[in-house]
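Engineer: Model the following, please.
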Amino acid sequence: MKQPWNFSSYLRLAPTFLRRGRLPALLLAVARKSGEQGRRLGGLKDDLRLLQGLCMAWWRGEYRAISSQALLAVVAALVYFVTPLDALPDWLPVVGFIDDLAVLAWVLRTWSDELAAFRAWREAQAPEALAVIERLPDGQGPELEKPRP
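Structural biologist: Sure, this is the predicted structure:
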């Protein structure tokens, strides 16, 4: 399937989020927006949580079995999701959210094998350990600093 229109510009932004330690702030923004969207996300809400969990596990150094291309695509899709002015601005009633869902669906479909491997890894973790690994920072203090390896 063809990459969504204008997604390449978000792919170019993704490495910056990783290099500059902006991934936790991005994930907090995703959590806020997904909370605000509630029912509009439908079945994608669990998939969105999966992408957030993958990013947190990668950021904490717990899960690195993902290709750099897949990780960049996931981060780019999350950046696209939180950006209000994308192909269809989010403030447009009904249609403003469709492009966000389309980009997320494209990433989920394109990188399904990588995401299935993460799901399997995730299911093998103890629930208590997984809760720590995937816990989003509260947005303040040293939790936003990159963990030590």
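Engineer: Neighbours of Phe7, how many?
Structural biologist: Under the neighbour criterion other CB atoms under 10 Å, Phe7 is assigned a count of 21. (Glycine included, C-beta is placed from N, CA and C.)
Engineer: just checking, it touches Tyr80?
Structural biologist: Yes - the pair Phe7 / Tyr80 is scored as a contact, 6.8 Å apart, by CB atoms under 8 Å.
Engineer: Phi and psi next, for Arg20.
Structural biologist: Its backbone dihedrals place Arg20 at phi -90, psi 10, with angles given as degrees, to the nearest 10.
Engineer: Could you report the pLDDT at it?
Structural biologist: Arg20 is assigned a predicted lDDT (pLDDT) of 89.
Engineer: tell me which element the closest residue in space to Arg135 that isn't next to it in sequence falls in.
Structural biologist: By the measure of CB to CB, 6 or more residues apart in numbering, the closest residue to Arg135 outside its immediate chain neighbours is Met56, 7.2 Å from it. With secondary structure defined by DSSP states H and E, Met56 is part of helix 44-59.
Engineer: Going along the chain from that helix, find the next helix or strand for me.
Structural biologist: Past helix 44-59, the next helix or strand by DSSP H and E is helix 68-82.
Engineer: which residues touch Cys55?
Structural biologist: By CB atoms under 8 Å, 6 or more residues apart in numbering, the contact set of Cys55 is 23, 26-27, 71, 74-75, 78.
Engineer: Mind putting the residues you listed into a markdown table with pLDDT, neighbour count and distance to Lys2?
Structural biologist: Rendered in a markdown table, the data for the contacts of Cys55 read as follows (pLDDT from 0 to 100; neighbours: other CB atoms under 10 Å; distance: CB to CB, whole Å):
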| residue | pLDDT | neighbour count | distance to Lys2 |
| --- | --- | --- | --- |
| Leu23 | 92 | 22 | 27 |
| Leu26 | 92 | 19 | 25 |
| Leu27 | 94 | 23 | 27 |
| Leu71 | 97 | 20 | 21 |
| Val74 | 97 | 25 | 18 |
| Val75 | 97 | 27 | 20 |
| Leu78 | 94 | 26 | 20 |
